[in-house]
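Chemist: Pasting the sequence and the predicted coordinates here, then a few questions.
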Amino acid sequence: MRKNVDEKIADIRRRLGSGASVVAVAPGQGPRRTLSAAARQRIAAAQRKRWAAAKAEAKPAAPKRTMSADARKKIAAAQRKRWAERKKAVAKKAGPSPAVKKAPAPEKAAKAATAAT
C-alpha cells in the first residue's frame, strides 16, 4: 500500500513539473553521509588505540585454583561421615520400623500347600 502511495505522489510531482525528485526519508533520519577511505582508516586506528589502552589497564585474571587429590579425598570422607551421622540420627528419631508380615512367594506357597496335603 505504501508503495502505491509513493508511486502516486511521484506521478503527481511529475505532472506538476517539480524538477527535483526527493527521496522519502524516515523521520529523524537525514541523508546518509559517506566517509572517505582515509577517514575510515583514521577512525579504525583511533578505535584500536582505545582498545589497546583499555586492555593495558585491565588486570589479568587470577589463575584458577585447583585442589589436590588428597584434599578432595579428605573432603569426600568428611561428607560421607556427616551423612552417616545424619542418617543414624534420622533413623533413631523415627524409631524401629513396625514389623510387616509379607506374603510368601507364590512358589513357596504352592509347595507348602502340596506338602500339607
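Modeler: Great, that's in hand. Bear in mind the structure is a predicted one, so any value in this text is a computation, not a measurement.
Chemist: use CA for all of it now, contacts and neighbours both
Modeler: Will do.
Chemist: where does residue 29 fall, phi/psi-wise?
Modeler: Backbone torsions of residue 29, given as degrees, to the nearest 10, read phi -120, psi 130.
Chemist: ok, now residue 64?
Modeler: phi -70, psi 130.
Chemist: What about it, how many residues nearby?
Modeler: 5 (other C-alpha atoms under 10 Å).
Chemist: Could you list the buried residues of the helix or strand hosting residue 47?
Modeler: Using DSSP states H and E, the element containing residue 47 is helix 37-57. Buried residues in helix 37-57, counted by 16 or more other C-alpha atoms under 10 Å: none are found.
Chemist: for this structure, what's the longest helix?
Modeler: helix 69-94 (DSSP state H).
Chemist: lowest average confidence, helix or strand, in this structure?
Modeler: Lowest by mean pLDDT, DSSP states H and E among the helices and strands of the chain is helix 106-116, with a mean of 68.
Chemist: what about the chain, any weak spots by pLDDT?
Modeler: Residue ranges of the chain with pLDDT under 70: 18-27, 96-101, 103-106, 108-110, 112-113, 115-117.
Chemist: at 80 instead, please
Modeler: 1, 17-30, 59-61, 94-117 (pLDDT under 80).
Chemist: Counting neighbours, what do you get for residue 14?
Modeler: Neighbours of residue 14 (other C-alpha under 10 Å): 13.
Chemist: I'd like the distance between it and residue 7.
Modeler: Applying C-alpha to C-alpha, to the nearest Å, the value for residue 14 to residue 7 is 11 Å.
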